[in-house]
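1. Build me a model:
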Amino acid sequence: MNDDTRELVRQWKDKAQNDWTAVDILLTSEQCPADAVCFHCQQFVEKLLKAFLTYHDIEAPKTHDLRRLIQLAEPFVPELSRLSDSSDKLTVHGVETRYPGDWYPVTSAEMNEVIGISRQFSNILLPKLEQ
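-> Numbers count the residues shown, from 1 in each chain. Just a heads-up that it's a prediction; the model follows:
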């Protein structure tokens with residue numbers, strides 16, 4: 001990997017970590033906004049996937065569709081395929097629930113599920129980005 005690619009991967013990872021830090025901070029609040037937590041979880045996973053694609057010299061498309069990003073990454077990490085269906089639960093929070101009219105109340109159970117899915121992605125992708 002050349003230095004420019006290495007720097008782009010680092011930037012994607014740093015931005016992903018910022019989203020996860022936001023999740024951690026929001027979770028400490030007594031008035032934790034579940035929708036904001038879910039949004040940052042989706043962003044965290046999206047950026048990890050884009051870091052992974054960049055790591056493998058694949059230009060990450062400008063999309064929030066995690067299923068599409070998984071399809072591009074699967075040849076390098078087949079275990080992502082088991083998260084394709086779960087990724088839809090994240091994608092909705094990066095796109096559909098951001099604007100008036102599309103928003104719905106997010107329950108704490110849904111928020112916890114989204115956090116768990118995000119951790120599954122992290123457990124798969126982060127070790128591969130450290131290689």
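2. Please tell me how far the nearest residue to Gln43 once chain neighbours are set aside sits from Glu30.
-> Distance criterion C-beta to C-beta, 6 or more residues apart in numbering; nearest residue to Gln43, sequence neighbours excluded, is Asp19 at 4.3 Å. (Each C-beta comes from the backbone N, C-alpha and C, glycine too.) From Asp19 across to Glu30, the span is 22 Å (C-beta to C-beta, to the nearest Å).
3. any idea which helix is longest in this protein?
-> Longest helix of the chain, by residue count under DSSP state H: helix 3-27.
4. Quickly find the element holding the closest residue to Leu27 other than its chain neighbours.
-> Closest residue in space to Leu27, ignoring its immediate chain neighbours: Val37 at 6.6 Å, by C-beta to C-beta, 6+ apart. Assessed by DSSP states H and E, Val37 sits inside helix 34-55.
5. residues touching Ala51, list them.
-> Contacts here follow C-beta atoms under 8 Å, 6 or more residues apart in numbering; on that basis Ala51 touches 9, 12-13, 16, 125, 129.
6. ok, and the most crowded of those?
-> Ala16 (25 neighbours; other C-beta atoms under 10 Å).
7. so what's that one closest to, chain neighbours aside?
-> Lys47 (3.7 Å).
8. Just the buried positions in the helix or strand of the chain with the lowest mean pLDDT, please.
-> Least confident helix or strand, the chain: helix 84-94 with a mean of 91, by mean pLDDT, DSSP states H and E. Buried residues in helix 84-94, counted by 16 or more other C-beta atoms under 10 Å: 86-87, 89-94.
9. Make TSV from those residues and add distance to Gln71 to it.
-> TSV is the format used below for these (distance: C-beta to C-beta, whole Å):
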residue	distance to Gln71
Ser86	14
Ser87	10
Lys89	17
Leu90	15
Thr91	13
Val92	18
His93	20
Gly94	17
